[in-house]
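Asker: give the three-dimensional model of this entry:
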Amino acid sequence: MPKWRCRLMWVTRICSRAILFSFGYHWIKRKGKPARREVAPIVVSNHVSYIDPIFFFYELFPTIVSSESHDSMPFVGTIIRAMQVIYVDRFSRSSRKHAVNEIKRKASCNRFPRVLLFPEGTTTNGRSLISFQLGAFIPGYPVQPVIVRYPHVHFDQSWGNISIAKLMFRMFTQFHNFMEVEYLPLVSPHESRKENAVHFAERTGHTIASALNVEQTLHSYGDFMLFTKAAELKQENPSLYMVEMAWVQSSLHLKALEAVDFLEIYLQMNPDPRGQVEFHDFLRALRLKPCGLSEKMFEFIDVQKIGKITFKQVICYSNPYLLLITHGYVRSTFGGIGTPIQL
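Answerer: So this is what the prediction gives:
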């Protein structure tokens, strides 16, 4: 990086500390030290708030991997652009491949800043850790895990089911906000065993979860999409429709966007407050006639044999039917059948 740009970035870093101060982070507790860039070119952290990238910009001045949607956010978008961001579209295979190549290129050369990733791919409330995306681990370089905590009594600073405007207002009206950052020991891939990215990510996730004293679940950004869609459609408890999409995608090869499409159909079945659907609502929403096939479809999904099914059961136990329903073939195939079909 040219010297003139380095000097300019120091000014920007001071400005980012001023932003943190204005949000009530007057002092920030740290434990451990960041490793040298030559030793750990990649840094990974849990993701709780939009404050995270502002802090890391001030502290480490890294290159960050971020979704394009974050570019327009107040304060954060400006900081991200200053961090020579690597943009990625999580739903585009070519974009993800390009991002991994950029991570490899910048991590392999000490002329570039270290690379920062939030492998969860979204923010959480900090009370659990969700599954990791593999972008930080495919290059095969040592990573330094970092954990971020926001201790609080009255105001939860995590960026969850709250608008950014309201979150910023609450932060501004707090006299002081607490933040703790802990740098953990390096995690390196096992060269002797030629460890793949999945196992490398699992070991790193276990290290961060243990340090946070929380459980790592199989939820992913896809579950956030399902939660958001359920909230948009005025469901009383949107969390009932989260299905641990990381497991669903790896085991059933069902994409998050397909699951969201089917959720819209499922919610037309008029689920009760517990998110359960009865047989007659199942038929009505899919425009199916009562017959042996439709009854056996429902019975196959109803693994608890209580006469009701849940969205997770539909996803996990009816994947072949699910793909048909998502693409609109069930109605055209079975909707006009008058004679019951026996399996």
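
Asker: any buried residues in the longest helix seen in the chain, and which?
Answerer: In the chain, assigned by DSSP state H, the helix with the most residues is helix 3-22. Within helix 3-22, the residues that count as buried by 16 or more other CB atoms under 10 Å are 9, 12-13, 16-17, 19-20. C-beta: built from backbone N, CA, C; applies to glycine.

Asker: want to throw these into JSON lines with distance to Ile306?
Answerer: Formatted as JSON lines, these follow (distance: CB to CB, whole Å):
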{"residue": "Met9", "distance to Ile306": "61"}
{"residue": "Thr12", "distance to Ile306": "59"}
{"residue": "Arg13", "distance to Ile306": "58"}
{"residue": "Ser16", "distance to Ile306": "54"}
{"residue": "Arg17", "distance to Ile306": "57"}
{"residue": "Ile19", "distance to Ile306": "53"}
{"residue": "Leu20", "distance to Ile306": "51"}
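
Asker: which of these sit farthest apart?
Answerer: Greatest spacing in the buried residues of helix 3-22, by CB to CB: Met9 and Leu20 (16.5 Å).

Asker: how is this protein divided into domains?
Answerer: When the chain is parsed with automatic domain parsing, its domains come out as 3-212, 221-334.

Asker: quick check, distance from the first one to the centre of its chain.
Answerer: A distance of 13 Å separates the C-alpha centroid of domain 3-212 from that of its chain, computed with CA atoms, centre = their mean, to the nearest Å.

Asker: now swap in the last one and tell me
Answerer: Shown here is domain 221-334, whose average C-alpha point lies 22 Å from the average C-alpha point of the whole chain (CA atoms, centre = their mean).

Asker: average pLDDT across it?
Answerer: Mean pLDDT, computed over domain 221-334, is 84.

Asker: may I see the buried residues of stretch 271-280?
Answerer: Within stretch 271-280, the residues that count as buried by 16+ other CB under 10 Å are 271, 275-279.

Asker: now the end-to-end length of that stretch.
Answerer: Taking CA to CA, to the nearest Å, stretch 271-280 runs 11 Å from one end to the other.

Asker: stretch 294-310 now?
Answerer: Start-to-end span of stretch 294-310 (CA to CA) is 16 Å.

Asker: using the three-state scheme, assign Leu134.
Answerer: coil (DSSP: H, G, I helix; E, B strand; the rest coil).

Asker: report the contact partners of it.
Answerer: 119, 197-198, 201 (CB atoms under 8 Å, 6 or more residues apart in numbering).

Asker: if we can go back for a sec, and the buried residues of helix 3-22 as a markdown table, adding pLDDT?
Answerer: Shown next, in a markdown table, are those (pLDDT from 0 to 100):
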| residue | pLDDT |
| --- | --- |
| Met9 | 70 |
| Thr12 | 79 |
| Arg13 | 81 |
| Ser16 | 86 |
| Arg17 | 90 |
| Ile19 | 88 |
| Leu20 | 91 |
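
Asker: hey, where'd the helices end up in this structure?
Answerer: Using DSSP H, helices in the chain cover 3-22, 51-60, 76-82, 93-107, 164-173, 197-212, 221-232, 245-252, 256-267, 279-286, 292-301, 311-317, 319-326, 329-334.

Asker: any weak-confidence spans in the stretch 1-150 of the chain?
Answerer: 1-8, 69-83 (pLDDT under 70).

Asker: name the nearest residue to Ser128, sequence neighbours excluded.
Answerer: Ranked by CB to CB, 6 or more residues apart in numbering and with sequence neighbours excluded, the top spatial neighbour of Ser128 is Val214, at 5.1 Å.

Asker: same check, this time on Leu267
Answerer: Leu233 (5.3 Å).

Asker: my read is that the one you found contacts Tyr266, right?
Answerer: No: with contact defined as CB atoms under 8 Å, Leu233 does not reach Tyr266; the gap is 10.2 Å.
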